[in-house]
Structure formats: C-alpha cells, structure tokens
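>>> sharing a sequence plus its predicted fold:
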Amino acid sequence: MCPVNAMGLRSFRLTMENGVRVVRLVHTNAMMLCFDRPDLEAARSYLDQKTGVYFLQNENRLYIGMSDTLFQRLNNHLNDQYAAYWARTWVFLTSDNILTSDEAKELERKFADLIREGGRFELCTQRVSYPNLHMDYRISADIYFRDFCLLTQAIYAEILLPQSREPVQAPPPAVEPVPQETQHSLGEFYNPTFRRLCAFSLFAGPKQPAASWRNLLVALCEEMIRRGHDLSALPPTVLRPQPFPMGTAQKTLSNGLYLNVNLSAQSVLDHCHKILAAYRYPDTQVRYWTK
C-alpha cells in the first residue's frame, strides 16, 4: 500500500533548472528528480556518484532499478535494451547521499511491489528479493519510502497511485456520456499527465486536430520558422543540425534541423513556453484541447 494518502500535509520545495524538476521534502534529506531522457546531462550534477532508485517510464511501461552510481547507470541505459522503455525519468535519492546500497535495494523491491500491485503500468522489471538484509536497513528504508511517496504529490504525479478500479456496474444507461474536451492556454497551470491532446490553435488560427502532444511542438516550431525565427531558444538536446542517435523519435523541420520528439506531455508544454518567451509572444497565443 502506498502511504501517500495516509499522511498529513507536508511542505515541499520545488525548483526547475534546464528541464530538471527537483523536489525536496522540507526538514528531511529526501529528494526526487523528474526529467526527460534528453535532459540526462543537465541532471548530472545531482546524480554523479550518488546512490538511489530510478524509474524509466514510457507511456504505460515502467522499468525500476537502483545504483550506487546513478548517472553512469542511466547513461548506460541510453544504448541498452531498456532504452525503449525510457521517455521520462524519476529518481529518488537523498540530498546528503547517505542512502546505502542495502536501503536502495529494499526501496527498489518496495517500489516494484507497489507498482505491480497498482496495475497502472506494465512493469518491465523482474521480481527482486534481498532476504538477508538487516532489519535496521528495512526500517530506515520504510521511512525513506514514505517520504519518497510524498514527494510525488508535489507535482501531482500519479505514478505511484493504483489504476482506477471500476465499481460494480449498475445496468448501463441508454446513452453513454461522451468525454468532453477541455480548453486550455499555455499560460495557465495544467497537469497534462495521462491526458490526451485532441486539438490546438496557434496565434488565433483555426483549430487543428492532433494525434499526440508532439504535433503541438512540431506545429509551433514550423510557425516560428515561417515567422523568421531561428528556434535558438531550444536546447541542443531537443533541436540540432545533425540527426539524433538511432532509436530516438525525431522530426526533420522545414529549415533542415532535427527536432527530438521523444518527450513527455509536460516537456512539450515547457518547450512551447520557452519558444514563446524567447520571441516575446504571450502564452495566450497557444491554445489546446484535451480529454
């Protein structure tokens, strides 16, 4: 059982730098990093020679691992068989790096059991068991586990919550309700996790249907090119003149640059905001509809 809902209110400290979200639980040493695969290098200072547990997420697939050298392990995953599971990264560690390998092993097991029980993700991790761990490590790991679960609340992440269970169904109504589209602008706070992009509109233009979140970023980039902008606001992990490594989802823009589209919904919105801010366009120039 995830202890998140059983806890009272706690204070969080949330910062973001170069695409890396850093969440800290006040008055503890527990911290969580959340970033997209292209931003691994930007997270290096937090991860180098550190011990912790990490998730590699892509849509509804999840891989869980632990390491005493987090950056090196994640860097190795860029080219191994788990790269296909990796779009979003979640890392749980301590600010003072006193988390031990044994505690991390116990946390890896507890996270895997929680995710497997919740049924929200296809877990691409074999069952792990460390029966010889000392009881002291199990007790301290329980405290870290509680704190790490709380950290996911700070950014309204649903990664540790169980899949919604359907209640016992009464006889279905004659007409099933149709999910309604909701409209948003880029300037408002909105959590797009587990939301599907239906359509978008740029610069008061017509409403355009969309099959995925990447369609929004590609369309905005092309509009900026049409307006004579060079898109230098995007980092080289997202836009560059040479192709990205094989296996990376990418799109060739009309100006010949390559756009990395292996991004989460939140990262798409963040990069769209960067583009508009760099060329002094108001966020209200981008509207989008989700279900």
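Yep, that arrived.
>>> do I have it right that E17 meets A42?
Yes. Under the criterion of CB atoms under 8 Å, E17 makes contact with A42 at 7.3 Å. From N, CA and C alone the C-beta is placed, and that goes for glycine too.
>>> neighbour-wise, which of those two wins?
A42 (16 against 13; other CB atoms under 10 Å).
>>> low-confidence ranges in the stretch 101-250 of the chain?
Where the stretch 101-250 of the chain drops to pLDDT under 70, the residues are 128-131, 154-179.
>>> could you pull out the helices in it for me?
Assigned by DSSP state H, counting those that start in this stretch, the stretch 101-250 of the chain shows helices spanning 101-118, 135-151, 214-226.
>>> let's have those in JSON lines, adding mean neighbour count and distance to A265.
Shown next, in JSON lines, are the helices of the stretch 101-250 of the chain (neighbours: other CB atoms under 10 Å; distance: least, CB to CB, whole Å):
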{"stretch": "helix 101-118", "mean neighbour count": "20", "distance to A265": "20"}
{"stretch": "helix 135-151", "mean neighbour count": "18", "distance to A265": "20"}
{"stretch": "helix 214-226", "mean neighbour count": "19", "distance to A265": "9"}
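>>> for stretch 69-87, give me every contacting residue.
36-37, 40, 43-44, 47-52, 54, 56-59, 61-63, 65, 67, 89, 91, 93, 124, 245, 247, 262-264 (CB atoms under 8 Å, 6 or more residues apart in numbering).
>>> which of the residues you listed are buried?
Among the contacts of stretch 69-87, those classed as buried by 16 or more other CB atoms under 10 Å are 36-37, 40, 43, 47, 50-52, 54, 56-58, 61-63, 65, 67, 89, 91, 93, 262-264.
>>> those residues in strands, which ones?
36, 52, 54, 56-58, 61-63, 65, 67, 89, 91, 93 (DSSP state E).
>>> from the residues you listed, which two are the most distant?
R61 and L93 (22.7 Å; CB to CB).
>>> for G187, which non-adjacent residue is closest in space?
Nearest residue to G187, sequence neighbours excluded (CB to CB, 6 or more residues apart in numbering): D283, at 3.1 Å.
>>> er, Q183 I mean
W289 (5.3 Å).
>>> how many residues are close by the one you found?
Neighbours of W289 (other CB under 10 Å): 18.
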